[in-house]
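Trainee: give me a 3D structure for the following:
(chains A and B)
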Amino acid sequence: MSATDATTSARTATSDRPGASGAVGPYDRVEVELTVNGVPRAAFVPPRRLLSDFIRHDLELTGTHVGCEHGVCGACTVLLDGQPIRSCLALAVAVDGRELTTIEGLAGPDGELHPVQQGFQDHHGLQCGFCTPGFVLSACGFLAEDPDPDEDTIREGMAGNLCRCTGYAGILQAVKQAAGVLRETGADPCARHAGRAADGAVAAGPESGR
Amino acid sequence: MKPPPFAYHAPRTVDGVLAALAELGDEGKVLAGGQSLVPMLNMRLAQPEALVDLSRVDGLDAIEVTDTHVRVEARVTHERLRRDPRVTPAVPLLRQALDWVAHPVIRNRGTSVGSIVHADPAAELPAVLGLLGGHMELRRVDGSREVAGRDYLLSPLDSDTAPEELAVAAVFPRPSAHTGSSFLELARRHGDYALAGVGAVVRLDEDRRLVSAEVACIGVGGVPVYVGLTEALRGQPHDALDLADAVGLVRAAIDPSDDIHATGAYRTHLTGVLAERALTQATAHATHEEIAA
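Mentor: This is a model prediction of the structure:
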């Protein structure tokens, strides 16, 4: 049994999940475990801990950025069970046990950029980069639902994210390019990039949650 | 911009939720998708002593499509409802309105029932429920009741839900034959709160003349404003509508106030324009029995 299995099995008893035996007090800390970028991660947090802060403060995955903290800017977007959500509008305790993908979970094991990330680099889809992780994960979720979008659909699909640098034109091109690449390779837009180096040798899975 | 401290309940059963709500009374608040409640917590506009989270409840996640209605339970997200292939043929107005609800990323977590309970004046689904003559199902430890959608919203952010009650489902009746619908709105950015929005339902007779027409206007009052237009439009042929009187009635029925996004006068004008377009689309929809949008 690997270390990973041991961690998981130790946590499978459901009786100690949040709220299972009555309420969790406002200042109590409960253990929240998520599979983050393929790796089980856990921390003890109070009920009011936002998922965004859980990711940044407790898991120290600071690629997820926090902008407005009320659901308007989209910078904190992550994938929960493969679907993009605002991590500032979810409580960590409420998503205990589920799977999360953050910006750290997209590039290939060799560091090769995910097609959406590559698109942003190729088309200057970022300047300061603050909004970029949210844009990239929104785009992944969007392309999973709509693999062959036209420009209007991309605009609409990306409308939930704000960028103050680029004027959006580069972002539009980035998503367009990524859509083409992903259609060609048939890769799941929400999965970690396998990498062009992975001919025959399928990546052995994510190496860390970082 | 962090939520204030609160106790957290995550019951596994509906009975568990009802028991927690009964025990907590005014101090408890139901958390469903959290796309309205969590921003309010973050901004400290809401400071409940305790949250009762529905995310671990076994059940409450069904979309029931029957010959008479679409029944949507409390944990169903906007996006799930929007994508359910059974829903659009049954109640086209749901899909027509859901396309305008927030951004996809918000729709992935926000619940349709939660949006109705939340009673935002610019929310689409309360107007859809009222316009279709639907109702809410409410439960408490010692009983249950139904409230007509049209009576359910009391004032901005206030619906007819007692602290110990859980809104378990919203029931949207199927429209009768020869009925068409449309939902239109305008926002600065697609998915943001609408400056104004209009849902329209139009029914035609066998000769494709108008039998009844009504609109619901959102974002221009504390609750959706319903304007019956049957008197003004009855008997008009589907392909030669004269909507001037109807538009006048709609504009006369609302009195939106000025805010940072638009003046009241602009909203009044806009609502008339949207009503004219929505009535036209709904009539075409009734004719073609397909989604005009």
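Trainee: can you pull the pLDDT of A:Ser21?
Mentor: The confidence metric pLDDT takes the value 47 at A:Ser21.
Trainee: what of A:Cys131?
Mentor: Among the per-residue scores, A:Cys131 shows a pLDDT of 98.
Trainee: number of nearby residues for it?
Mentor: A count of neighbours around A:Cys131, defined by other C-beta atoms under 10 Å in any protein chain shown, yields 25. In short, each C-beta sits where N, CA and C put it, glycine included.
Trainee: pretty sure it sits against A:Leu162.
Mentor: Yes: when contacts are counted by C-beta atoms under 8 Å, A:Cys131 is listed as touching A:Leu162 (6.3 Å).
Trainee: anything in contact with each of these two?
Mentor: Common neighbours of A:Cys131 and A:Leu162, using C-beta atoms under 8 Å, 6 or more residues apart in numbering or on different chains, are A:Gly67, A:Cys73, A:Gly74, A:Ala75.
Trainee: top of the residues you listed by neighbour count?
Mentor: Among those, where neighbours are counted by other C-beta under 10 Å, the top count belongs to A:Gly74, at 27 neighbours.
Trainee: confirm it sits in a helix?
Mentor: No: assignment of A:Gly74 by DSSP: H, G, I helix; E, B strand; the rest coil gives coil, placing it outside any helix.
Trainee: any stretches of chain A with poor pLDDT?
Mentor: Where chain A drops to pLDDT under 70, the residues are A:1-22, A:196-210.
Trainee: domains of it?
Mentor: For chain A, the structural domains run A:28-105, A:115-192, going by automatic domain parsing.
Trainee: just name the most buried of those.
Mentor: Looking across the domains of chain A with neighbours counted as mean count of other C-beta atoms under 10 Å in any protein chain shown, the highest average goes to domain A:28-105: a mean of 21.
Trainee: now do the end-to-end distance for that one.
Mentor: End-to-end distance for domain A:28-105: 30 Å, by C-alpha to C-alpha, to the nearest Å.
Trainee: next one: it to chain centre, how far?
Mentor: Counting by C-alpha atoms, centre = their mean, to the nearest Å, domain A:28-105 is centred 9 Å from the centre of its parent chain.
Trainee: ditto for stretch B:236-249
Mentor: Using C-alpha atoms, centre = their mean, the mean C-alpha position of stretch B:236-249 is found 25 Å from that of the whole chain.
Trainee: mind checking the pLDDT average for it?
Mentor: Averaging the model's pLDDT scores along stretch B:236-249 yields 97.
Trainee: show me what counts as buried in that stretch.
Mentor: Buried residues in stretch B:236-249, counting neighbours by 16 or more other C-beta atoms under 10 Å in any protein chain shown, are found at B:Gln236, B:His238, B:Leu241, B:Leu243, B:Ala246, B:Val247, B:Leu249.
Trainee: got the CA coordinates for the longest helix belonging to chain A in PDB?
Mentor: Ranked by residue count under DSSP state H, the longest helix found in chain A is helix A:169-185. Output for helix A:169-185, consisting of C-alpha atoms alone and laid out as PDB, is shown next (Å, rounded to 0.1, in the frame of the first residue of the first chain):
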ATOM      1  CA  ALA A 169      -8.500  40.400 -27.800                       C
ATOM      2  CA  GLY A 170      -5.500  38.200 -27.000                       C
ATOM      3  CA  ILE A 171      -7.500  36.100 -24.700                       C
ATOM      4  CA  LEU A 172     -10.100  35.500 -27.400                       C
ATOM      5  CA  GLN A 173      -7.400  34.300 -29.800                       C
ATOM      6  CA  ALA A 174      -5.800  32.200 -27.000                       C
ATOM      7  CA  VAL A 175      -9.000  30.300 -26.400                       C
ATOM      8  CA  LYS A 176      -9.600  29.900 -30.100                       C
ATOM      9  CA  GLN A 177      -6.200  28.400 -30.600                       C
ATOM     10  CA  ALA A 178      -6.500  26.100 -27.600                       C
ATOM     11  CA  ALA A 179      -9.900  24.900 -28.900                       C
ATOM     12  CA  GLY A 180      -8.300  23.900 -32.200                       C
ATOM     13  CA  VAL A 181      -5.400  22.100 -30.500                       C
ATOM     14  CA  LEU A 182      -7.600  20.300 -28.100                       C
ATOM     15  CA  ARG A 183     -10.000  19.200 -30.800                       C
ATOM     16  CA  GLU A 184      -7.000  17.900 -32.800                       C
ATOM     17  CA  THR A 185      -5.500  15.900 -29.900                       C
END
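Trainee: which pLDDT value goes with the nearest residue to B:Ala216 once chain neighbours are set aside?
Mentor: Of all residues beyond its chain neighbours, the one nearest B:Ala216 is B:Ala127 (3.9 Å), with distances taken as C-beta to C-beta, 6 or more residues apart in numbering or on different chains. On pLDDT, B:Ala127 comes in at 98.
Trainee: point out the other helices and strands that whatever helix or strand B:Ala127 lives in packs with.
Mentor: Applying DSSP states H and E as the criterion places B:Ala127 in helix B:124-131. The elements that helix B:124-131 packs onto, with contact taken as 3 or more C-beta pairs under 8 Å, 6 or more residues apart in numbering or on different chains; DSSP states H and E, are helix B:92-98, helix B:112-118, helix B:149-152, strand B:166-173, strand B:179-186, strand B:196-204, strand B:210-218.
Trainee: strands of chain A, start to end?
Mentor: Using DSSP state E, the strands assigned to chain A run over residues A:30-36, A:39-45, A:77-80, A:83-86, A:99-101.
Trainee: what sits up against the helix holding B:Ala127?
Mentor: Contacting residues not belonging to helix B:124-131 are listed as B:93-94, B:97-98, B:100-101, B:112, B:115-116, B:119, B:134-136, B:148-150, B:152-153, B:159, B:170, B:172, B:181, B:183, B:185, B:194, B:197, B:199, B:201, B:214-218, B:223-224, B:226 [C-beta under 8 Å, 6+ apart].
Trainee: and stretch B:217-227, by the same measure?
Mentor: Around stretch B:217-227, the neighbours that count as contacts under C-beta under 8 Å, 6+ apart are B:119, B:121-124, B:126-127, B:130-131, B:150, B:153-156, B:185, B:193-199, B:214-216, B:249-250, B:253-256, B:267-268, B:271, B:275.
Trainee: check contacts around the closest residue to A:Thr132 other than its chain neighbours.
Mentor: In space, and not counting its chain neighbours, A:Thr132 is closest to A:Leu126: 4.4 Å by C-beta to C-beta, 6+ apart. Contacts for A:Leu126 (C-beta under 8 Å, 6+ apart) come out as A:Phe120, A:Thr132, A:Phe135, A:Cys163, A:Cys165, A:Thr166, A:Gly170, A:Ile171.
Trainee: quick one: which of those is nearest B:Ala284?
Mentor: Comparing the contacts of A:Leu126 against B:Ala284 with C-beta to C-beta places A:Ile171 closest, at 35.4 Å.
Trainee: contacts only, for the residue nearest to that closest one when sequence neighbours are not counted.
Mentor: If the residues on either side of it in the chain are set aside, A:Ile171 comes closest to A:Gly125, at 4.4 Å by C-beta to C-beta, 6+ apart. By C-beta under 8 Å, 6+ apart, A:Gly125 lies in contact with A:Gly119, A:Thr132, A:Phe135, A:Thr166, A:Gly170, A:Ile171, A:Gln173, A:Ala174, A:Val175.
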